[in-house]
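Colleague: Everything below, folded, please.
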Amino acid sequence: MKLAFFNDFVPGVIKGERVVDISEAVSSIPHTFPQELLNGLITSFGDYKQAIEALVESREGILLSSVDLKSPIPKPHNIVCMAVNYMEDGTRDAPAPINAFHKSPNAVLSDGGTIFLPDVPATIFEPEAEMALVIGKSATNVSAKDAYDHIFGYMNFIDMSARGLSSGGGVFYQMKSRDTFAPMGPYLVTAEEIDDPLKLQVQLSVNGDLKQNFNTDDMAHQIPRVIEWITSIHTLEPGDVVATGTNHRGLSPVMDGDNIELETEGLGRLHIKVKDDLRRKWERLTRLEREEQGFDSPTPQIGGKYSS
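Modeller: Residues are numbered from 1 along each chain as shown. Prediction:
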């Protein structure tokens with residue numbers, strides 16, 4: 001099932017090129033805001049699934065092209081992002097030590113939204129293509145063998161980064177948690193629709209030019225270990241988001257006016273725009289292309305404020 005929110009956070013299910021309003025089927029879930037409705041549905045999904053499926057089957061739905069899709073996870077309690085969690089197409093000798101960071105729930109951005117590049121002296125702004133999982137039930141000290149029992153579903157996720165902000169401490173906080181820096185969606189796919197989340201192709205394009213193209217089978221610390229490790233530190237609750245990391249070799253800069261598309265196999269296509277009032281410019285090279293030219297750093301800024 002592909003769950004979505006649309007227009008004024010109406011709950012829906014994607015049906016081909018349409019979305020069906022399922023408000024009637026979930027009206028008994030007590031809530032005062034959309035995330036609370038979603039959390040209630042996730043927690044008691046077995047109680048509502050049959051009624052939702054029957055409603056979707058009986059209704060034609062509304063054309064997706066005529067609605068405004070919202071983030072499928074409007075305001076999660078936790079957004080945990082795994083750091084350096086890919087083997088980079090076998091170029092790493094060993095996995096990096098397991099590590100993660102938080103993003104602010106206020107960084108969430110919906111499909112069709114705009115990433116705003118802030119007026120800060122970042123050396124580069126890079127969108128990182130990721131597959132994220134959504135927690136289905138409270139998880140504390142979960143063993144690796146039980147990890148999948150705690151996953152409700154999967155979705156596209158972009159970990160937007162403003163790199164090079166080293167002054168003042170809190171490097172990850174400054175780099176990752178800015179408003180609009182956590183695009184996700186366009187919808188949430190329930191776990192039973194994904195045969196193997198560790199065999200999904202992930203592709204990110206900028207203005208139609210393919211930049212990142214990798215498979216989740218390259219993940220260094222795989223999903224069971226990720227869940228085991230995170231929940232040994234703090235509890236994850238229904239509706240929490242865990243982004244599983246990216247392959248860095250295809251990372252490249254984005255600039256004012258760019259259009260980003262992220263498509264993870266089976267999870268739909270996420271569309272995001274970019275706005276930079278400073279109109280800064282970078283060479284459009286991926287990290288791999290820079291490496292092939294003999295450089296070990298991201299492409300330099302070539303125009304606008306903060307360029308050298």
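
Colleague: Show me the helices in the stretch 1-150 of the chain, by range?
Modeller: Assigned by DSSP state H, counting those that start in this stretch, the stretch 1-150 of the chain shows helices spanning 34-43, 45-58.

Colleague: make that the stretch 151-300 of the chain, sorry
Modeller: Along the stretch 151-300 of the chain, the segments classed as helices by DSSP H, counting those that start in this stretch run 171-176, 223-231, 287-292.

Colleague: Including mean pLDDT, could the helices of the stretch 1-150 of the chain go into JSON lines?
Modeller: As requested, the helices of the stretch 1-150 of the chain are exported to JSON lines (pLDDT from 0 to 100):
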{"stretch": "helix 34-43", "mean pLDDT": "98"}
{"stretch": "helix 45-58", "mean pLDDT": "98"}
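
Colleague: Let me have those in a markdown table, extended by distance to residue 248 and mean neighbour count.
Modeller: (C-beta placed from N, C-alpha, C; glycine too.) What follows is the helices of the stretch 1-150 of the chain, written out as a markdown table (distance: least, C-beta to C-beta, whole Å; neighbours: other C-beta atoms under 10 Å):
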| stretch | distance to residue 248 | mean neighbour count |
| --- | --- | --- |
| helix 34-43 | 31 | 20 |
| helix 45-58 | 35 | 14 |
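
Colleague: Out of the helices of the stretch 151-300 of the chain, flag the one nearest residue 132.
Modeller: Among these, the nearest to residue 132 by C-beta to C-beta is helix 223-231 (10.9 Å).

Colleague: what are the C-alpha coordinates of the closest one, in PDB please?
Modeller: Output of helix 223-231 as PDB, limited to C-alpha atoms (Å, rounded to 0.1, in the frame of the first residue of the first chain):
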ATOM      1  CA  ILE A 223      19.300  -2.500   8.100                       C
ATOM      2  CA  PRO A 224      19.200  -5.100  10.900                       C
ATOM      3  CA  ARG A 225      22.500  -3.700  12.400                       C
ATOM      4  CA  VAL A 226      21.300  -0.100  11.900                       C
ATOM      5  CA  ILE A 227      18.100  -0.800  13.900                       C
ATOM      6  CA  GLU A 228      20.000  -2.700  16.500                       C
ATOM      7  CA  TRP A 229      22.500   0.000  17.000                       C
ATOM      8  CA  ILE A 230      20.200   3.000  17.100                       C
ATOM      9  CA  THR A 231      17.800   1.400  19.500                       C
END
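
Colleague: Packing partners of that helix?
Modeller: Here helix 223-231 touches strand 241-243, going by 3 or more C-beta pairs under 8 Å, 6 or more residues apart in numbering; DSSP states H and E.

Colleague: ok, the strand it packs on: who's next to it in the sheet?
Modeller: strand 79-82 (parallel), strand 124-135 (antiparallel) (DSSP bridges).
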